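Asker: no sequence on this one, just coordinates:
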């Protein structure tokens, strides 16, 4: 994979609109409660790219998402939703009930 297809995990979380600011993204990653492809990470500068799977707790819910794209900016929510695929989380849990 080309290095242009990778982005810092804190920046990706912010661009994908999981958090409202980069400092909150850094805090989420640094807390040690985020997994990248099943491995705990705590470095906000860790590069991620398409195909990577993130598992993290957010607002009392465990989210599991697969990164589809890195993106180039923090755009509207509709654009942010194209950056990932939800594998498990609040949306899919509601569908199974």
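Answerer: Good, I have the coordinates. Bear in mind that the values here come from a model prediction, so they are computed numbers and not experimental data.
Asker: Give me the most central residue, this protein.
Answerer: Nearest to the geometric centre of the chain sits residue 13, at 4.4 Å (C-alpha atoms, centre = their mean).
Asker: helices or strands next to the helix or strand where that one lies in the packing?
Answerer: In this structure, residue 13 sits in helix 9-15 according to DSSP states H and E. Where contact means 3 or more C-beta pairs under 8 Å, 6 or more residues apart in numbering; DSSP states H and E, helix 9-15 is packed against helix 22-30, strand 47-48. Every residue, glycine included, has its C-beta placed from N, CA and C.
Asker: what's the longest one in contact with?
Answerer: Residues external to helix 22-30 that are found in contact with it (C-beta atoms under 8 Å, 6 or more residues apart in numbering): 9-11, 13-14, 18-19, 34, 41-44, 46, 56, 58.
Asker: among those, which two are most distant?
Answerer: Within the contacts of helix 22-30, 43 and 58 form the most distant pair, 18.8 Å apart (C-beta to C-beta).
Asker: For burial, what's the neighbour tally of residue 53?
Answerer: Using other C-beta atoms under 10 Å, residue 53 has 16 neighbouring residues.
Asker: was I right about it contacting residue 84?
Answerer: No. Judged on C-beta atoms under 8 Å, residue 53 makes no contact with residue 84 at a distance of 9.8 Å.
Asker: hey, what's in contact with both of the two?
Answerer: With C-beta under 8 Å, 6+ apart as the test, residue 53 and residue 84 both reach 65, 66, 67.
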